[in-house]
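# What follows is a predicted structure for the sequence shown.
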Amino acid sequence: MKLTSGRLAWGGPPIEKEITLFPSPFSVDPDDAPDHLQLELIELQCGAECRSRHQQLPLVNFYRQLDKGRFQEIRTFAKKMLSLFGSTYLCEKTFSVMNINKNRLRTRLSDSHLRDILRIKTTVFEPDLAYLLQSRSQYHPSH
């Protein structure tokens, strides 16, 4: 990628184009953008209000507030890019948890137990422990 006349020019595989376009849609030459995004990108770059919002808002909120009718392709593109980073994060988190739990000191940990540990550690599910404990016949508040 190189800077030509104040704009970024593509210089690599297509994924690099998309990664560059996502955070800085106003710095990209529309002719170098993927064909399905070019017209919407031109319209986006011509709007002073859109440029202002891009500078003021977090990136997620900027793409979220774009008009669904006028910028359908760009919004779809942004959703794909946002999900890419989210899924990468979850994969990294899962492998980290797995490496911490499945080590040479815990060799008897079965795959089933490891799967349960990974599920618990990688979700935001908050169990209602009071309800679960009350539903058990052996539950005694004194213990």
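Structure received.
# and after the helix or strand where Ser52 lies, which helix or strand comes next?
For Ser52, the host element (DSSP states H and E) is helix 48-56. Per DSSP H and E, helix 48-56 leads on to helix 59-65 as the next helix or strand towards the C-terminus.
# List the buried residues of the helix holding Ser52.
In terms of neighbour count (16 or more other C-beta atoms under 10 Å), helix 48-56 has its buried residues at 50, 54. Where you see a C-beta, it was placed from the backbone N, CA and C, and this is true even at glycine.
# roughly how far is that helix from the heart of the chain?
Centroid displacement of helix 48-56 relative to its chain, using C-alpha atoms, centre = their mean, to the nearest Å, is 22 Å.
# tell me what that helix is packed against?
Applying 3 or more C-beta pairs under 8 Å, 6 or more residues apart in numbering; DSSP states H and E, one finds that helix 48-56 contacts helix 59-65.
# Tell me the helix or strand right after the helix it packs on.
Trace forward from helix 59-65 with DSSP H and E and the next one is helix 72-101.
# Off-centre distance for that following helix?
5 Å.
# now what about the helix or strand just after it, what contacts it?
Toward the C-terminus, helix 72-101 is succeeded by helix 111-121 as the next helix or strand (DSSP H and E). Helix 111-121 is contacted from outside by 93-94, 97-98, 101-102, using C-beta atoms under 8 Å, 6 or more residues apart in numbering.
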